[in-house]
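A.B. asks: Predicted model and sequence follow; I will ask about them next.
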Amino acid sequence: IQVERILRDAIKEDGFKLVFQPQICTYTGKIVSFEALLRLKKHFISPDLFIQVAEENGMIIQIGRWVTEQAIHQIARWKNKGLPLKPIAINFSAKQLNDMDYIKFLEETLKESGVEAQGLEIEITESIFLDKKEETIVFLNQLKNLGIKIALDDFGTGYSSLSYLTFLPVNKIKLDKSLCDKFLEIENIAVMDNIISLAHSLNLEVAAEGVEDIEQYKRLKVAGCNYIQGYLFSKPVEALEAEKIYEDNF
Ligand code: G
Ligand code: G
Ligand code: MN
Ligand code: NA
């Protein structure tokens with residue numbers, strides 16, 4: 001109930017902010033994109049908790065639109081400063097499928113902001129296929145037709161089989177931190193190699209999340225992992241700091 005009140009206030013009083021974590025290309029060592037992560041300005045409540053509450057009480061619809069709009073505005077600001085386009089990825093909760101006009105809202109916000117669809121990426125998790133498989137595929141195809149890239153987040157934590165990847169309209173998988181950590185153990189390297197080759201054979205790009213360790217990074221690179229994201233390179237940072245990293249990273 002308390003979290004609910006905090007969220008309600010945050011919606012009314014501009015109490016949210018986005019922080020940005022860079023994703024690095026293992027081949028060039030350069031930043032290719034950022035993931036936007038939601039924070040409460042005035043409270044140290046974990047997003048894991050407040051997102052869950054927002055999903056349960058339906059506030060995620062409004063919050064999800066705010067995140068979408070802010071991410072697009074950030075892309076527009078960077079674009080207007082003459083910085084080269086680096087997409088921003090946002091997290092999309094399964095509950096947001098109930099937002100019937102989301103696609104229209106997205107299209108209009110992109111248009112009003114003068115941002116091309118390639119500037120935005122959307123991260124979904126497998127849980128989105130749990131109850132509404134058909135609807136989800138329709139939704140993902142609408143995003144795809146707009147030119148928005150889709151990433152399957154938290155890969156390796158769920159129940160899904162690799163065969164999912166053959167029919168889902170996704171462009172990228174993001175290997176979950178728990179999976180990447182296991183790759184530090186020698187006996188799991190073959191598993192990592194095979195997941196990455198399989199993804200590549202399906203024309204999917206692969207990002208590794210939660211990379212904190214240089215050895216892990218090197219192994220992921222050898223395995224052909226396209227991108228890494230994690231504290232090794234940067235934690236999620238405020239927009240201005242992201243912009244600084246951005247400029248230093250041409
Ligand atoms: O930094 P991290 O603690 O930000 O995020 C914790 C969890 O909250 C992750 O699973 C992340 O995907 C989720 N999350 C962070 N920001 C958002 C958001 O804007 N929307 C949704 N749906 N989930 C988010
Ligand atoms: O959206 P997703 O569920 O993938 O959220 C990513 C989560 O991982 C966020 O909570 C983010 O803050 C966190 N994170 C990003 N990099 C690292 C890292 O290197 N180590 C740890 N422990 N967490 C990370
Ligand atoms: Mn994510
Ligand atoms: Na993840």
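C.D. replies: Nice, I can see it. Ligands and ions are numbered 1, 2, ... in the order given.
A.B. asks: Can you dump the C-alpha atoms of the helix or strand containing Val138 in CSV for me?
C.D. replies: Here Val138 is covered by helix 133-146, with elements defined by DSSP states H and E. Written as CSV, here are the backbone C-alpha positions of helix 133-146 (Å, rounded to 0.1, in the frame of the first residue of the first chain):
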residue,chain,number,x,y,z
LYS,A,133,0.8,-15.8,-27.2
GLU,A,134,-1.2,-14.8,-30.3
GLU,A,135,-1.6,-11.3,-29.1
THR,A,136,2.0,-11.0,-28.3
ILE,A,137,3.1,-12.1,-31.8
VAL,A,138,0.7,-9.6,-33.4
PHE,A,139,2.1,-6.9,-31.2
LEU,A,140,5.7,-7.8,-31.9
ASN,A,141,5.0,-7.8,-35.6
GLN,A,142,3.5,-4.3,-35.4
LEU,A,143,6.7,-3.1,-33.7
LYS,A,144,8.8,-4.9,-36.3
ASN,A,145,6.8,-3.2,-39.1
LEU,A,146,7.5,0.1,-37.5
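A.B. asks: Contacts for it, please.
C.D. replies: With contact meaning C-beta atoms under 8 Å, 6 or more residues apart in numbering, helix 133-146 is reached by 94, 97, 103, 106-107, 110, 117, 122, 124, 128-129, 150, 168-170. All C-beta spots, glycine's among them, are computed from the backbone N, C-alpha and C.
A.B. asks: In contact with Gly210: list those residues for me.
C.D. replies: Asp176, Lys177, Ser178, Cys180, Asp181, Gln229, Gly230, Tyr231.
A.B. asks: which residues sit in contact with the second one?
C.D. replies: Lys177 makes contacts with Glu209, Gly210, Gly230, as judged by C-beta under 8 Å, 6+ apart.
A.B. asks: what do you get if the cut-off is 10 Å, keeping everything else the same?
C.D. replies: By C-beta atoms under 10 Å, 6 or more residues apart in numbering, Lys177 lies in contact with Asp154, Gly156, Thr157, Ala208, Glu209, Gly210, Val211, Glu212, Gln229, Gly230.
A.B. asks: looking at this, the last one is in a strand?
C.D. replies: No - Gly230: not assigned to a strand; according to DSSP: H, G, I helix; E, B strand; the rest coil it is coil.
A.B. asks: now the nearest residue to it once chain neighbours are set aside, what's its secondary structure?
C.D. replies: Nearest non-adjacent residue to Gly230, counting by C-beta to C-beta, 6 or more residues apart in numbering: Val211, 3.4 Å away. Three-state call for Val211 (three-state DSSP): coil.
A.B. asks: Model confidence for Val211, exactly?
C.D. replies: Turning to Val211, the model gives it a pLDDT of 95.
A.B. asks: repeat for Glu126
C.D. replies: 87.
A.B. asks: Could you count how many residues lie near it?
C.D. replies: 18 (other C-beta atoms under 10 Å).
A.B. asks: isn't it right up against Tyr164?
C.D. replies: Yes - contact criterion C-beta atoms under 10 Å: Glu126 and Tyr164 qualify, at 7.1 Å.
A.B. asks: Flag every buried residue along the least confident helix or strand in the chain by mean pLDDT.
C.D. replies: Ranking every helix and strand in the chain by mean pLDDT, DSSP states H and E puts helix 177-182 at the bottom, with a mean of 83. Of all the residues in helix 177-182, those buried under the rule 16 or more other C-beta atoms under 10 Å are Lys177, Leu179, Cys180, Lys182.
A.B. asks: Thanks a lot, catch you later.
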